[in-house]
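1. Next come a sequence and a model predicted from it.
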Amino acid sequence: MVKPVTLACGHSGCRHCLATLIGIETFPKCPLCKAPIGTDVTLHVNVALDDIIGDFNVKCNKSGCLWKGKFHEHEQHLKRCGKFQTACANDGCGEMVARRGWQHTLRNVQSTNSLASNAVEKLPGNLSRSILLPFAQIRGYCAH
């Protein structure tokens, strides 16, 4: 439960989930006891409950990640978790890749391009242009 709020009936729920319910239902009700919520209710975070939940021991649910910590630390972990799946940033590629693998791939491509550029700079003008043209076409290529 992220950012728990407590309703007038005494039940608690996730602020985002209850705000969504209030936004889509004409006459929103508590999911547990069906007491009316009202569309004009202000959802304040229940600080005591948020502190209790924040201290729960949790682990990352991404396959292969061994991180363990407190619930209130999990969002920061997900921002840097190498096993977190993210969409490939190359145009036209919708492949989902692990963040760590994607960064590693980018480093390899950048290193290879850098080495190739340095080597080509040492060649005579006409020869360097004929070598650079294929590299220019490859830069937009996505390996996924």
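-> Looks like it came in fine. Numbering: from 1, shown residues only.
2. Would you list the phi and psi of Ala98?
-> When read as degrees, to the nearest 10, the backbone of Ala98 gives phi -70, psi 140.
3. Beta-bridge partners for it, please?
-> Beta-bridge pairing of Ala98 under DSSP bridges involves Gln85.
4. how near is it to Arg15?
-> The gap separating Ala98 from Arg15 is 30 Å, by CB to CB, to the nearest Å. In this view, the C-beta of every residue, glycine as well, is placed from N, C-alpha and C.
5. Check Glu75 too.
-> To Arg15, Glu75 is 14 Å away according to CB to CB.
6. What of Ile22?
-> 10 Å.
7. and if you look at Leu32?
-> Applying CB to CB to Leu32 and Arg15 gives a distance of 16 Å.
8. neighbour count winner among the two?
-> The neighbour comparison of Leu32 against Arg15 (other CB atoms under 10 Å) goes to Arg15, with 18 against 12.
9. Apart from its neighbours in sequence, what residue is nearest the more buried one?
-> Spatially, and ignoring its direct neighbours in sequence, Arg15 is nearest to Lys3 (4.1 Å; CB to CB, 6 or more residues apart in numbering).
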